[in-house]
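> give the three-dimensional model of this entry:
(chains A and B)
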Amino acid sequence: MQISELLTPVYDAAWLPWAVQYFFLIGIAATTALTVAFAAFGPAGSPLRRLLPAAVAVLLVSAIAAPVSLLADLHQPGRFWHFYAHLTPWSWMWLGALLLPVFVGLSVLFCAAWWWGRIGWLRVLAVGLALSAASILVYTGAEVMVLRSRPLWHTAFLPVNFALTAWLGALGAMFLVGRWLPGGMKALPVETLRGLSLSAVILMAVGAGAWAGLGLLGADPSFDAALRLFADFPIWRISLAGAVITGLCMIALLQRPAQALAAPLPSATLALMMLGAAWIFRWVVFMSVQGVPKYGAGLYLYDMPWGSDGLLGMVGVLGLCAALITAVTWALESYPARKRGLAG
Amino acid sequence: MPPSPVSSDPPLRGKRGFLKGLLGLGAAATVIPIHAEATGLNGQPPRRPGMAGKRYGMVVDMRKCIGCQSCTVSCSLENLPPIGQFRTTVLQYEVTPDDGGPCAMVMLPRLCNHCDNPPCVPVCPVQATFQREDGIVLVDNERCVGCAYCVQACPYDARFINHDTQTADKCTFCEHRLEAGLLPACVESCVGGARVIGDMNDPDSAISKLLVEHKADIKVLKPEMKTDPHVYYIGLPDAFVHQVDGQAGVRLAGGH
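Numbers count the residues shown, from 1 in each chain, chains lettered A, B, ... in the order given. All right, here's what the predicted structure looks like:
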């Protein structure tokens, strides 16, 4: 039996590109928070501690910019206070509305403690920040994973992949901002960053392998849904090929010695590739998957608006991040921690 | 959409309601992510009062649907969704049998299924979408924050973000008409009498009788989603129960 659609409506993507930006930034913020919380306990002068300036800058920028994107993703942003007026503990999104301000607050406090060079406060805050970051990773993953209406999202691998790609993006962001901080790339512990990045890529490969393995054993229906897309639609095959090629390029670049990676061009290439991979993963998960009909055949076309619901919004977030990076680098030029030797 | 008279949040009645409310409050105060079952029915938050003693459902007899879209038009006139957005519509398909026989047309009226286990309700972070005791699932669009979580959660694409109100919108079974003793606009205007709405708790209602009479041929959409839809189809081909596997229609971009 052959079925042809004659008259079917097209459904809009209800989650806007703002959602991509939010999940990109909050993932980077949460995984950076876990990294800095770990680094805070490193001995003075260790490579981990030397990672702190770049990591703290990334944490501050992403933790401040993320809630802005989230607010913009609401179609009624002025009603955000309704979250706090109607207690709904059975909704992950409502739990997120409680967890997010705590995380942002702790992130800012952590950055402030580091800026003032208070190692004692820093370590106390690091514990709270790590727990809060974990809660963010759990809620952002679970929020999407619980939607059984979309088999591609309804898998335990989604939160895992969100977290791992976010960590990759976070390390890429550190590679990127390092050059604008006092001391430039020379101050950045590139060898440590290289090792962490390789770990992230390997963990992602293991995650993808486990997903495919379980899928082939019939234990994960999301894999079947993905296979169907790869089989039926060239655009999804191109995406898959692009992901594999990007992964291989990243591994190849990460094989280079730390000294070579610290050079401006290779480090920028690697940083943009890692950030791009994390961002495109979210674009595919949110925008491309929303183009997969829940009932109908084929794919829906996504026609990105040029205004604040689309391109302008995304460029605006980039601009916000650029402005925040400028402010952070300016603040770091004269930060007290430098004098106390906390950064090094 | 004018605010519905039933869309406010009345206090839960009785001792049981009080205890449920207390449990929900306690959980909220301690930020324990208790499962929704603890606070309500079917893994759902407590239902709000509706038309007492009733459970509304709809039977769609596809043998009688000619795809004239008068339901689509009358719904749009009654409920005034923005141009290009629909609370109900009739999907149309051409079906060619493998044996080369003549083509057939399939007309599939679609609307909110008013599920007994609606996945759209528990996800709502502000309880703007809720189910009434008579089964009708509604949206309080003055409370809705437009997060579109419910739109994602619905397996039937029955919900959308209304371009005018920027809040979630969906079929209400025309509850404002039902309360006035009228039929929903789509039922009233259906030229073939393909849509039958009624109280499933009443064994003598037309819908109850149809469900008994056609018991062997009653199907719902996507039963594997375990949503227990309360829109029942007579004459729904098996190929249309789950996601349609076929040739997509022409889709034009630029709908903004």
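> and A:Ser4, which of the three is it?
Following DSSP: H, G, I helix; E, B strand; the rest coil, we place A:Ser4 in the strand state.
> residue contacts, it?
Applying CB atoms under 8 Å, 6 or more residues apart in numbering or on different chains to A:Ser4 gives the contacts B:93-96, B:246-247, B:249. To be clear about C-beta, it is placed using only N, CA and C from the backbone, and glycine gets the same treatment.
> ok, now A:Trp18?
When contacts are taken as CB under 8 Å, 6+ apart, A:Trp18 is in contact with A:69-70, A:72-73, A:309, A:313, A:317.
> can we see that at 7 Å?
A:69, A:72-73, A:313 (CB atoms under 7 Å, 6 or more residues apart in numbering or on different chains).
> and if you look at A:Val177?
If a contact means CB under 7 Å, 6+ apart, then A:Val177 has A:54, A:57-58, A:325 as its contacts.
> cool, and A:Glu191?
Counting by CB under 7 Å, 6+ apart, A:Glu191 touches A:47, A:258.
> and it, its phi and psi?
In terms of degrees, to the nearest 10, the main-chain angles of A:Glu191 are phi -60, psi -40.
> pick the one among the contacts of A:Trp18 closest to chain B.
A:Asp73 (7.3 Å; CB to the nearest CB).
> skipping its backbone neighbours, what lies nearest the closest one in space?
For A:Asp73, the nearest residue in space outside its immediate sequence neighbours is A:Trp18; the separation is 3.7 Å by CB to CB, 6 or more residues apart in numbering or on different chains.
> about what we covered before: among the contacts of A:Ser4, which pair sits farthest apart?
Among these, the pair separated by the greatest distance (CB to CB) is B:Thr96 and B:Gly249, at 15.0 Å.
> so these two - more neighbours on which side?
Remark: of B:Thr96 and B:Gly249, B:Gly249 carries more neighbours, 19 against 16, as counted by other CB atoms under 10 Å in any protein chain shown.
> what bridges to the closest residue to that one other than its chain neighbours?
Spatially, and ignoring its direct neighbours in sequence, B:Gly249 is nearest to A:Glu5 (3.6 Å; CB to CB, 6+ apart). Taking DSSP bridges, one finds B:Tyr93 as the beta-bridge partners of A:Glu5.
> and the closest residue to A:Pro264 other than its chain neighbours, how many neighbours does it have?
Residue nearest to A:Pro264 in three dimensions, not counting chain neighbours: A:Arg179, with 6.8 Å by CB to CB, 6+ apart. Taking other CB under 10 Å as the criterion, the count of residues near A:Arg179 is 19.
> find the closest residue to chain B in the stretch 151-300 of chain A.
Going by CB to the nearest CB, chain B is nearest to A:Gly298 of the stretch 151-300 of chain A, at 2.3 Å.
> correction: the stretch 51-200 of chain A
Here the stretch 51-200 of chain A gets closest to chain B at one residue, A:His75, 2.7 Å apart by CB to the nearest CB.
> that residue belongs to a helix?
No - assigned with three-state DSSP, A:His75 falls outside any helix and is coil.
> quickly note the distance from the nearest residue to it once chain neighbours are set aside to A:His82.
Across the structure, with CB to CB, 6+ apart as the measure, the residue nearest A:His75 apart from its sequence neighbours is B:Gly146 (2.7 Å). Distance of B:Gly146 to A:His82, given as CB to CB, to the nearest Å: 10 Å.
> who in the stretch 1-150 of chain A is up against chain B?
Along the stretch 1-150 of chain A, the residues adjacent to chain B under the rule CB under 7 Å from any CB of the partner chain are A:1-12, A:14-15, A:74-76, A:79-80, A:82-83, A:86-91, A:93-95, A:97-98, A:147-150.
> hmm, which of those are the buried ones?
For the residues of the stretch 1-150 of chain A next to chain B, a burial check counting by 16 or more other CB atoms under 10 Å in any protein chain shown picks out A:3-6, A:8-12, A:14-15, A:74-76, A:79-80, A:82-83, A:86-91, A:93-95, A:97-98, A:147-150.
> from chain A, how far off is the spatially most central residue of chain B?
Per CA atoms, centre = their mean, the C-alpha nearest to the average position across chain B is that of B:Cys112, at 2.2 Å. Noted for B:Cys112: a distance of 13 Å to chain A, by CB to the nearest CB, to the nearest Å.
> so that residue makes contact with B:Val139?
No - contact status for B:Cys112 versus B:Val139: not in contact, 10.2 Å apart, counting by CB atoms under 7 Å.
> looking at A:Gly341 now. What's its pLDDT?
For A:Gly341, the model assigns a pLDDT of 50.
> now do B:Gly254
pLDDT, B:Gly254: 50.
> with B:Ala38 instead?
38.
> who in the stretch 51-200 of chain B is up against chain A?
Residues of the stretch 51-200 of chain B lying close to chain A (CB under 7 Å from any CB) are B:86, B:89, B:91-98, B:119, B:122-127, B:143-149, B:151-157, B:160-161, B:166-167.
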